[in-house]
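Undergrad: Pasted the sequence and its predicted model underneath.
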Amino acid sequence: MSPRTDQWARRRRELLGFATAGLLAYAVDLALFMYLRGPAGLGPLTAKALAFLAGCTVAYVGNAHGTYRDTRVRGPRPYAVFFAVNLAGAAVQLLCLAVSHYGLGLTSQRADTVSGAVVGMALATGVRFWGTRTLVFRNGGRVGPWTG
């Protein structure tokens, strides 16, 4: 296997692992939010905060023990940095929604869904991926964003 082919294989594994951990975290976030908001009877902000925390934890564990299991953790408090990266991603999603809804006047439910859950989620995933691999996990020999 050539070095270039090996590099592409590592990229694909990293992206697939990150996406898998993220999808599982999203499912936990959504299911827990629906339970806390419904049968548990919590308010929307409390339910979302607890669901977000659970989703972040699932994503961290999935990335730490799956995607980035062969890399070392950067810094003494990797979960705190991971949580901050995920908060930044959430802020990107909210910013997309706010710009679309309040700035551009696109106020329909469809427009809110597209701006927050599609465009915002895509941009937030990019932020989370960059932050996770750059600020939380790293390969000791990695020089650039895709080398190592």
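TA: Received it, and whenever you're ready, just let me know what you need.
Undergrad: where exactly do the helices run in this structure?
TA: Secondary structure of the chain by DSSP state H: the helices cover 3-37, 44-62, 78-98, 109-113, 120-131.
Undergrad: Mean neighbour count for these - can I get that in JSON lines?
TA: Using the backbone N, CA and C atoms, a C-beta is placed for each residue, glycine as well. Shown next, in JSON lines, are these (neighbours: other Cβ atoms under 10 Å):
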{"stretch": "helix 3-37", "mean neighbour count": "15"}
{"stretch": "helix 44-62", "mean neighbour count": "17"}
{"stretch": "helix 78-98", "mean neighbour count": "18"}
{"stretch": "helix 109-113", "mean neighbour count": "12"}
{"stretch": "helix 120-131", "mean neighbour count": "17"}
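Undergrad: Would you tell me which of these gets closest to Arg69?
TA: Ranking the helices of the chain by proximity to Arg69 (Cβ to Cβ) places helix 3-37 first, at 8.9 Å.
Undergrad: Which other helices and strands does the closest one contact?
TA: Judged by 3 or more Cβ pairs under 8 Å, 6 or more residues apart in numbering; DSSP states H and E, helix 3-37 is in contact with helix 44-62, helix 120-131.
Undergrad: between the ones you listed, which one is nearest to Ala9?
TA: Closest to Ala9 of these, according to Cβ to Cβ: helix 120-131, at 17.8 Å.
Undergrad: for the record, mean pLDDT for the closest one?
TA: Averaged over helix 120-131, pLDDT sits at 95.
Undergrad: Kindly export that helix (C-alpha atoms) in PDB.
TA: In PDB, the C-alpha atoms belonging to helix 120-131 read as follows (Å, rounded to 0.1, in the frame of the first residue of the first chain):
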ATOM      1  CA  GLY A 120     -26.100  25.000  10.900                       C
ATOM      2  CA  MET A 121     -25.500  21.300  11.600                       C
ATOM      3  CA  ALA A 122     -23.200  21.000   8.600                       C
ATOM      4  CA  LEU A 123     -21.100  24.000   9.700                       C
ATOM      5  CA  ALA A 124     -21.200  23.000  13.300                       C
ATOM      6  CA  THR A 125     -20.000  19.500  12.400                       C
ATOM      7  CA  GLY A 126     -17.000  21.000  10.600                       C
ATOM      8  CA  VAL A 127     -16.200  23.100  13.700                       C
ATOM      9  CA  ARG A 128     -16.600  20.000  16.000                       C
ATOM     10  CA  PHE A 129     -14.400  17.900  13.700                       C
ATOM     11  CA  TRP A 130     -11.600  20.500  13.600                       C
ATOM     12  CA  GLY A 131     -11.800  21.200  17.300                       C
END
